[in-house]
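Student: Below are the sequence and a predicted model for it; my questions follow.
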Amino acid sequence: MSSAFTGTILYIPFLIVLLCFIFLTAAGAATVEYQLTIARQQVNITGKPAEAMTINGGIPGPTLHFTEGDNARIHVHNNMDVDTSIHWHGILVPPDMDGVPYVTFPPIAPGTTFTYEFPIRQSGTYWYHSHTMLQEQRGLYGSIVIAPQHGVTDKHQDHVILFSDWTDEKPDAVNRTLKRGSEWYSLAKGSGQSIFGAAGLGMLGSFFQREFNRMPPMDISDVAYDRFLANGKVESKIPGKPGDTVRLRIINGSATTYFHVEYAGGPMTIVAADGIDVKPIQEKRLLISVAEIYDVLITLPADGSFEFRGTAHDGSGYASVWIGEGMRHHAGDVPKPNLYHQMQHTSISQALSLTPAGTMGMPDRMVDSGMFDAPGMMAMDHDAAQGHTMDIGHGDDTGMKHMEQKDHPAAMDMQHDEHMQIEDGKQAQTMEKISDGEHSMPAPAISDRSGKKYGMDFGFLAADISSAANLAPDGMGDERPWSPYAKLKSVKPTAFVPGKKMREIRLTLDGDMERYVWFLNNKSLSESDSIRIRQGEAVRFIMINRTMMHHPMHLHGHFFRVVNGQEDFAPLKHTVDVAPMSTTVIEFDANEVGDWFFHCHLLYHMKAGMARIVHYEDFSVDPELAAIRPNLYKDPWNFWGEADILTNMTEGMLTLSNTRNIISLLWEAGWENVDHPEWEGILSWDRYFNRFFTLFAGLDLQGEEKSTEETRGFAGFHYLLPLYFESSFWVDTDGGIRISLEKSLELTPRLSLMGEVRYDTHDLWEGKAGLAYLVHKNISLTALWHSDYSWGAGLQVRF
Ligand SMILES: [Cu+2]
């Protein structure tokens, strides 16, 4: 026998074992394929035909079913004439499968197909949606249900309820209406604030306190929708037998709408949040933020059909699913918010009096006034002393990821020995000092994870999540609850392994309702750098909301702990609501190397730039992707104008504007003196710093009839004074000075009063005052008195 033959014989058992292994592995990881075709389509949701975008002909798209351990292969065909994409929300995927154009892959071009392929490492309820422009608002979304690998966690029947919001208007038109600062949507929703409105509720004090503090009116949502939908319908039915326990997988797939959900047949038992199991808690009414997911169990009463209702957070409408047969039982009405009341939220007054985080001890007034931007992301390394592990879909060196669901429903990976130390439980985390290498500063002493002792910087944190429970501070008690975060408790510990480096990143959430710009750390995506993190460290985001809106913040590719007072059992989520004027802290294990989008999930806020890339320093971006990445940072210009055509004069402006620049042409012409009509034209370039402060320079032309009498250059600034007085100051090339003061006041949501006085060293005093009545989105009736041109009345037209 040749030695070569003997050698081959010896290899046979090894080969058999190898073949068996390959076969078993292949058998265990079934490939589940889906074909998704995206197309433009006419739909009729409101009784009128409207343009939509659909997935496989429907809104929403189909529910994609998988089992943990499957290999997902999804072919997305773009049958439209524009780019598209699909992002798998909450699914742990390799970075190039995450579906964010220019961040993780090139967009799917018209007429092409992109095949996503990734292992399913988790179970639970998730969803998917387009991540291109405003397509999500047009109908590109659907749900994902992943069964646990070994059996089911419960044997209840199971239904997805995917809520969304619908407008017949084109999303680009919606965006433009928001950008130009129209009051129209708040009027249409009945959420406009006014003097008479406040007086009627006996809340003039709150109204003027807010104006004095230069806080914009509280608004719960930006857009007025035509319909709210559950599974694509205003109203629908699902079957159910009396006594059945049903699992509802509730997904908020809205572009901008938070929902209060409630079941007419009794309380809901929350069993999972954002796809991951939590210790069951009961809620009668639940606030679900945009892009969040809750799995709840409900029990069908003895007889009848019971309403499961999602009421839009602003109270402007709802969608219903009727469960069971027989007599109908309605869910309770959610009262409309009292928007004037919001100012009494303790954290607001605290936020106004405490030093906001990241201001290096400057008086908040200076920071809030925007004289100084928050000093960006302060990434600081320090030991998360005695921390513990959070390990979700944690990768080991073989690249295999686990999210065990059968024995560990919280999807905790406990298989690594070092992580077993979690079991000993106690955490007492103390940071003595934070150092970023250059600065040493007093530590925000953290003595527990509830955030109760974050020090003065975060004095208002505790009020936000931990101790305020989920009651909204709008005088509505539990009628309008906030997110139930304080009660959410993970089934398994989620703390980090001891000794992990903690990188702390402070992010202020800023915005300007009037110009509709939205920022993180006072910068839009187009102006910012990535948030840089390193593999192996723990990362903490301290998110300080300095706006009067809720922002649902979503991190791609990771689950994070929401620091909520549940210590080691802080729940894991992918999306978290940061309530108005409050602070929310999240922490995650940096264990998914890649570039990941992090953004506000209000679609128009994201579009305005309230987003960042979270970049692992170890990760190098594919050169082809790097070449097209600048597309992500485009800062488009918007054009609009308005004109007053009155009996005595005309005035108006044309504006071209992007995030920081406003180029405008203003005119004013009067014919009170019929022999010599006078006019003034101002061409100005404004550089916007924040909603308080804008610098400008330009050209001022004045004349009579066809002759130009004066041409001057000027430079100056606008500054927003307390009580919402808009002041401006300029010096001109003839050595003159102009000072003006302007104020408008909503008497009723439709009727506003405006006044302006100005002093110019050349022309001396000038003043005007007027009333405008909003008739339509683009038209107001106007009456105006002008010191040079006397009284007149007419129309204001916006275009
Ligand atoms: Cu936002």
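Tutor: Okay, I see it.
Student: Can you tell me the element the closest residue to the ion within the stretch 351-500 of the chain falls in?
Tutor: Residue of the stretch 351-500 of the chain nearest the ion, by CB to the ion: Ser483 (14.9 Å). Where C-beta positions appear, they are placed from N, C-alpha and C, glycine not excepted. Using DSSP states H and E, Ser483 sits in no helix or strand.
Student: could you measure it against Ser143, distance?
Tutor: Distance of Ser483 to Ser143, computed by CB to CB, to the nearest Å: 21 Å.
Student: mind listing the strands for the stretch 151-300 of the chain?
Tutor: For the stretch 151-300 of the chain, the strands defined by DSSP state E, counting those that start in this stretch cover 157-166, 227-230, 235-238, 245-252, 259-263, 268-273, 276-283, 285-288, 293-299.
Student: Reformat the ones you listed as a markdown table; add distance to the ion.
Tutor: Listed next are the strands of the stretch 151-300 of the chain as a markdown table, based on distance: least, CB to the ion, whole Å:
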| stretch | distance to the ion |
| --- | --- |
| strand 157-166 | 15 |
| strand 227-230 | 19 |
| strand 235-238 | 29 |
| strand 245-252 | 14 |
| strand 259-263 | 16 |
| strand 268-273 | 20 |
| strand 276-283 | 24 |
| strand 285-288 | 16 |
| strand 293-299 | 19 |
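Student: before we move on, the earlier item: compare Ser483 and Ser143 and say which one has the larger neighbour count.
Tutor: Neighbour count, other CB atoms under 10 Å: between Ser483 and Ser143, Ser483 has more, with 28 against 23.
Student: Touching, the more buried one and Arg285? I think so.
Tutor: No: here Ser483 lies out of contact with Arg285, judged by CB atoms under 8 Å, at a distance of 11.7 Å.
Student: The residue nearest the centre of the chain: what's it in contact with?
Tutor: When CA atoms, centre = their mean is applied to the chain, the residue found nearest the centroid is Cys600 (2.7 Å). By CB atoms under 8 Å, 6 or more residues apart in numbering, the contact set of Cys600 is 509, 518, 551-554, 606, 610-611.
Student: what about 10 Å?
Tutor: Applying CB atoms under 10 Å, 6 or more residues apart in numbering to Cys600 gives the contacts 290-291, 509, 511, 518-520, 549-554, 578, 606-611.
Student: Quick check: bridge partners of it?
Tutor: Beta-bridge partners of Cys600, counted by DSSP bridges, are Met553.
Student: do Val261 as well
Tutor: Following DSSP bridges, Val261 is listed with bridge partners Leu286, Gly310.
Student: returning to what we had before: of the contacts of Cys600, which are in range of the ion?
Tutor: Counting by CB under 5 Å from the ion, His551 from the contacts of Cys600 sit close to the ion.
Student: in this protein, which spans are helices?
Tutor: Per DSSP state H, the chain carries helices over the ranges 3-28, 135-138, 171-179, 184-189, 195-200, 204-212, 346-353, 364-368, 461-464, 603-608, 623-628.
Student: Tell me how far Ile146 lies from Leu248.
Tutor: 16 Å.
Student: Return the distance of Ser528 relative to the ion.
Tutor: Here the criterion is CB to the ion, to the nearest Å. By it, Ser528 lies 15 Å from the ion.
Student: OK, contacts around that residue?
Tutor: 376-377, 519-522, 609, 611-613, 633.
Student: change it to 7 Å
Tutor: Contacts for Ser528 (CB atoms under 7 Å, 6 or more residues apart in numbering) come out as Arg612.
Student: I'd guessed Gly265 sits against Ile298; true?
Tutor: Yes: Gly265 lies in contact with Ile298 (CB atoms under 7 Å); the separation is 6.3 Å.
Student: What residues does the chain have near the ion?
Tutor: Proximity of the chain to the ion is confined to 551, 600, 602, 605 under the rule CB under 5 Å from the ion.
Student: Export those as a markdown table, with columns for pLDDT.
Tutor: Below are the residues of the chain next to the ion laid out as a markdown table (pLDDT from 0 to 100):
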| residue | pLDDT |
| --- | --- |
| His551 | 96 |
| Cys600 | 98 |
| Leu602 | 97 |
| His605 | 96 |
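Student: in the protein, what spans have low per-residue confidence?
Tutor: 1-28, 151-154, 182, 191, 218-219, 341-477, 673-674 (pLDDT under 70).
Student: just to revisit the earlier point, the residue of the stretch 351-500 of the chain closest to the ion - nearest residue in space that isn't next to it in sequence?
Tutor: Excluding the flanking residues, the one nearest Ser483 by CB to CB, 6 or more residues apart in numbering is Asp577, at 4.9 Å.
Student: hang on, that neighbour packs against Pro552?
Tutor: Yes: counting by CB under 7 Å, Asp577 touches Pro552, with 5.3 Å between them.
Student: Show me whatever sits in contact with both of the two.
Tutor: Taking CB under 7 Å, 6+ apart as the criterion, Asp577 and Pro552 both touch Ser289.
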